[in-house]
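Asker: Sequence first, then the predicted structure, then my questions.
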Amino acid sequence: MFRWTVSLAMLLWLAVASVSLFVDAPTIGDVSPEPGEDKNASATKANVATPAAHTNFLQRDGQPLIGFAVNLHYNDDRERYLQAIDDIADLGCNAVLFATPAFQTNGASSEIRIETGPGRGPYRERLIELIRRAKQHGMATALMPTVLFTNPRGGEWRGKIVPDSWDKWWQSYHRMTDHFVAIANEAGVDLYVVGSELLTTEKHAQRWHKVIDRVRQRFDGALTYSGNFDAYADPTFWDKLDLVAMNAYFDLTVGHNDDHPPMEHLVEQWREHRKRAVAYAKSQGKPLLFTEMGYPSAPWGLKDPWDYMPYDDTVADHAVQHDGYEAFFQTWSGDLKRTGAHNATSESSASFVGVFFYEWDPYRTGDAKDTRYGIRGKPAFDLIKARIDALRN
């Protein structure tokens, strides 16, 4: 689920090999956020247009999006990643989400760094090249910067950020955002994700309003935020965005005493999550998007699909991944089949924009030790291809 850490040895090597970029963004008067605000603070009034219906053009030929997220944390092999984009298009997908990292040392750090090179993020030119490759295939494109820790303390992750200085952290976040928005504009990105799973920041509503307003001034495409599967109702700034979006790593084993329940139970659980997610998006008057949805080929993949880290002796269970996807398609195929543009400004709108499966793995091909999210060489590959073919025909 895009929560990698970097070993000490790798860090020492990267200190020489990587390029660290601290973006010096233009200063805007309202960038520095006020201290001491809370979740109930009123929104900052900015001279920014109200969000419009940016989402119609995200659909391709009247069809909701079906695509893959491509993780760009390790992207050293240029040809391999270009081929990955081609392979996603050949599968019948009409969209790609590029998850690109930014870094801070740990949850207490107040500075976010943009680092490029081996084991870090992609160079600017390579990121633009990959996005344009997807657009050459006629696919919709999304860019989602994601904060990673290089030296986490224990099991902390970006959902638990509590910096030494919130003011400095938010200023750094603005600089990071300016950097990636400029790339999104140059590459012609359709959807920009302003943040992903930053749970402890979500109570800072005014600061998120400033981030969103700042992006809206610079970017003409659609905007969203990627909420966590168990906390997507927590952000209070969906009204500033065009879509309600979330990662969909729901536990499908609830109410069953086995980590691999029968298909009927998996579908029942997915239907319950669908009902809740659609109802919430409708309550916000926004279309719904899954920015991440997938299953690792791990024995626990249906219970904790967000957990991709294998133990040393873990044997891959590709049937777990297959059945998770099968339950998803049995539940959502009607939404994915629907044609026609939706009205993102309608108060009753709760249409399903689509899904980005997590993730397309350019390296692994489904052997007995491949417990990760990739589908190449696994039963899930044939399932997804057949389902897409059936939906598109």
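Answerer: The structure has been received and is ready for your questions. Numbering: from 1, shown residues only.
Asker: lowest average confidence, helix or strand, in this protein?
Answerer: Of all helical and strand segments in the chain, the minimum by mean pLDDT, DSSP states H and E falls on helix 8-17, at a mean of 33.
Asker: quick one, helices of the stretch 151-300 of the chain?
Answerer: For the stretch 151-300 of the chain, the helices defined by DSSP state H, counting those that start in this stretch occupy 166-187, 205-218, 263-283.
Asker: What residues of the first one count as buried?
Answerer: Of the residues in helix 166-187, 166, 169-181, 183-184, 187 count as buried by neighbour count, 16 or more other C-beta atoms under 10 Å. Where C-beta positions appear, they are placed from N, C-alpha and C, glycine not excepted.
Asker: got the angle for that helix vs helix 205-218?
Answerer: Angle of helix 166-187 versus helix 205-218, following axes from the mean of the first three to the mean of the last three C-alpha atoms, to 10 degrees, is 20 degrees.
Asker: Report all helices and strands that helix 166-187 contacts.
Answerer: strand 95-104, helix 124-136, strand 140-149, strand 191-196, helix 205-218 (3 or more C-beta pairs under 8 Å, 6 or more residues apart in numbering; DSSP states H and E).
Asker: Compare the ones you listed and give me the one nearest L72.
Answerer: strand 95-104 (4.6 Å; C-beta to C-beta).
Asker: Now the closest one: average pLDDT?
Answerer: Average pLDDT, strand 95-104: 98.
Asker: helices or strands up against that strand?
Answerer: Checking 3+ C-beta pairs under 8 Å, 6+ apart, strand 95-104 ends up next to strand 65-71, strand 114-116, helix 124-136, strand 140-149, helix 166-187, strand 191-196, strand 352-358.
Asker: For A95, which of the ones you listed is the nearest?
Answerer: strand 65-71 (3.1 Å).
Asker: one step back: export the helices and strands packed on helix 166-187 as a markdown table, with columns for mean neighbour count.
Answerer: Below are these laid out as a markdown table (neighbours: other C-beta atoms under 10 Å):
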| stretch | mean neighbour count |
| --- | --- |
| strand 95-104 | 25 |
| helix 124-136 | 18 |
| strand 140-149 | 24 |
| strand 191-196 | 26 |
| helix 205-218 | 21 |
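Asker: Could you export these to TSV, including columns for distance to D77?
Answerer: Output for those, formatted as TSV (distance: least, C-beta to C-beta, whole Å):
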stretch	distance to D77
strand 95-104	16
helix 124-136	11
strand 140-149	20
strand 191-196	25
helix 205-218	31
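Asker: Count the residues that sit near P118.
Answerer: 12 (other C-beta atoms under 10 Å).
Asker: How about the secondary structure of it?
Answerer: Of the three states, P118 takes coil according to DSSP: H, G, I helix; E, B strand; the rest coil.
Asker: okay but it is in contact with D76, surely?
Answerer: Yes: if you go by C-beta atoms under 8 Å, P118 and D76 touch, sitting 5.2 Å apart.
Asker: Excluding sequence neighbours, find me the nearest residue to the residue nearest the centre of the chain.
Answerer: Compute the mean C-alpha point of the chain, and by C-alpha atoms, centre = their mean the closest residue is T291, 4.3 Å away. Nearest residue to T291, sequence neighbours excluded (C-beta to C-beta, 6 or more residues apart in numbering): S226, at 4.2 Å.
Asker: any low-confidence regions in the stretch 101-250 of the chain?
Answerer: Nowhere does the stretch 101-250 of the chain drop to pLDDT under 70.
Asker: between the helices of the stretch 151-300 of the chain, which one is nearest to P299?
Answerer: helix 263-283 (15.0 Å).
Asker: Centre of the chain to that closest one, how far?
Answerer: Its chain's C-alpha centre and that of helix 263-283 lie 20 Å apart, by C-alpha atoms, centre = their mean, to the nearest Å.
Asker: ok, back up a step: can you check which of the helices and strands packed on helix 166-187 gets nearest to F381?
Answerer: Per C-beta to C-beta, nearest to F381 of those: strand 95-104, 16.7 Å.
Asker: tilt between the closest one and helix 124-136?
Answerer: 160 degrees.
Asker: could I get the helices of the stretch 151-300 of the chain as a markdown table with distance to F98?
Answerer: Formatted as a markdown table, these follow (distance: least, C-beta to C-beta, whole Å):
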| stretch | distance to F98 |
| --- | --- |
| helix 166-187 | 9 |
| helix 205-218 | 16 |
| helix 263-283 | 24 |
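Asker: Please, where are all the strands along the stretch 251-393 of the chain?
Answerer: Here the stretch 251-393 of the chain has its strands, by DSSP state E, counting those that start in this stretch, at 288-293, 352-358.
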